[in-house]
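K.L.:
task: produce atomic coordinates for the following.
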Amino acid sequence: MDNPQTAFARRHPAGATAGRAVYYFGAGPSQLTVDPTRLTISVVRRGSFQEFIPVSGVVLPETSIFLDALEGGRVEEKFVEDGALMKKGQPVLRLSNADLELSLVNQETAVLNLLTQMQISRNAAQQNTNARLNQLADADNAYHEAERVYRLNKNLYEQKVIAQQEFKQAEQAYRYQQRRLGLSRHILGQDSSATRQEQGQAARSYTRMQNALDLMRRKVGDLVVRAPIDGQLTSLDAEIGQSINKGSAWASSTR
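P.N.:
Take a look at the predicted model:
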């Protein structure tokens, strides 16, 4: 009876030869030459397995704010360059706007003129009040003198010492001074009321003009553009001499 291996070899001589070759090569010793500088030798320790996987992506900022020009103007000065790290409120650009600056000067002049006019009006009102007070004092003095003469002549007339005509003259003078005193008091009261009303209107006008002046000053102050947040200045698109329109975005701040 044939050996199964011998029978297989007779039927497949090439396959048997290949099998023996594989067996001998696999069972024999093998060598590999490696550059020693490429070897890393470390102590084996038990620990967590770490594997680094390269990942491609885009890093986006947490916050991105576009810097808009609150007021248009010409770039006169750049305080920082693109990519600078900024603190909130730090100046970035200084613009110039002749129309806006002229409006500020005109508004300041108008407020100064109003203050001057208010002072003149107060002085005139005070002088008028002093004159009215003097008139009132004269009227009051004349009234009391006329009252004294009237009462004296009335007593003399009742005693038949003076004629009726003289008594009537004293009575008329007394009534006249009485009306004059009342009229002086009325005029003084009217003048005082009118003065208070005029001064109140002037004060309200001054408040409105002062508010407008404060607003104009803030507008001129906005010509110095400042960083809105702490962060990095990016996409700065402004050069010296360049004109920037109001509301246009010329940079962004990120963090």
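
K.L.:
need the contact list for the closest residue to Leu236 other than its chain neighbours.
P.N.:
Computed as C-beta to C-beta, 6 or more residues apart in numbering, the closest residue to Leu236 that is not its neighbour in sequence is Asp82, at 3.9 Å. Heads up, the C-betas are built off the backbone N, CA and C, glycines and all. Asp82 makes contacts with 233-236, 251, as judged by C-beta atoms under 8 Å, 6 or more residues apart in numbering.

K.L.:
immediately after the lowest-mean-pLDDT helix or strand in the chain, which helix or strand?
P.N.:
Across the helices and strands of the chain, mean pLDDT, DSSP states H and E gives its lowest value to helix 13-27, namely a mean of 43. Downstream of helix 13-27, the first helix or strand assigned by DSSP states H and E is strand 64-68.

K.L.:
point out where this protein drops to low pLDDT.
P.N.:
Scanning the chain for pLDDT under 70 picks out 1-32, 34, 49-52, 57-60, 250-255.

K.L.:
helices of that one, start to end?
P.N.:
For the chain, the helices defined by DSSP state H occupy 4-11, 13-27, 98-158, 164-221.

K.L.:
which one of the ones you listed lies nearest to Gln242?
P.N.:
helix 98-158 (15.8 Å; C-beta to C-beta).

K.L.:
and that closest one, what other elements does it pack with?
P.N.:
helix 164-221 (3 or more C-beta pairs under 8 Å, 6 or more residues apart in numbering; DSSP states H and E).

K.L.:
give me the angle between the helix it packs on and helix 98-158.
P.N.:
170 degrees (axes from the mean of the first three to the mean of the last three C-alpha atoms, to 10 degrees).

K.L.:
going forward, count from 199.
P.N.:
Will do, 199 is the new start, and the previous item becomes helix 362-419.

K.L.:
that older thread, distance to Ser254 and mean neighbour count added to the helices of the chain, as TSV?
P.N.:
Shown next, in TSV, are these (distance: least, C-beta to C-beta, whole Å; neighbours: other C-beta atoms under 10 Å):
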stretch	distance to Ser254	mean neighbour count
helix 202-209	56	11
helix 211-225	43	10
helix 296-356	49	14
helix 362-419	46	14
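
K.L.:
how close does the residue nearest to Leu434 get to Gly429?
P.N.:
To Gly429, Asp280 is 13 Å away according to C-beta to C-beta, to the nearest Å.

K.L.:
go on, Asn328?
P.N.:
For Asn328, the distance to Gly429 - C-beta to C-beta - is 65 Å.

K.L.:
kindly report the same for Gln324.
P.N.:
As judged by C-beta to C-beta, Gln324 and Gly429 stand 59 Å apart.

K.L.:
about what we covered before: and the contacts of Asp280, which two are furthest apart?
P.N.:
Leu431 and Ser433, at 8.3 Å, using C-beta to C-beta across the contacts of Asp280.

K.L.:
ok, those two, which is more surrounded?
P.N.:
Leu431 (20 against 15; other C-beta atoms under 10 Å).

K.L.:
I'd say the more buried one and Met284 touch.
P.N.:
Yes - with contact defined as C-beta atoms under 8 Å, Leu431 and Met284 form a contacting pair (5.3 Å).

K.L.:
which residue packs closest to Tyr355, ignoring adjacent ones?
P.N.:
Phe365 (3.9 Å).

K.L.:
isn't the one you found up against Leu350?
P.N.:
No - look at Phe365 against Leu350 with C-beta under 8 Å: they stay out of range, at 9.9 Å.

K.L.:
in this structure, which residue is most central in space?
P.N.:
Central residue of the chain (C-alpha atoms, centre = their mean): Arg416, 6.6 Å from the mean position.

K.L.:
residue contacts, it?
P.N.:
Counted by C-beta under 8 Å, 6+ apart, Arg416 has zero contacts.

K.L.:
partners of Ala447 in the sheet?
P.N.:
Asp266 (DSSP bridges).
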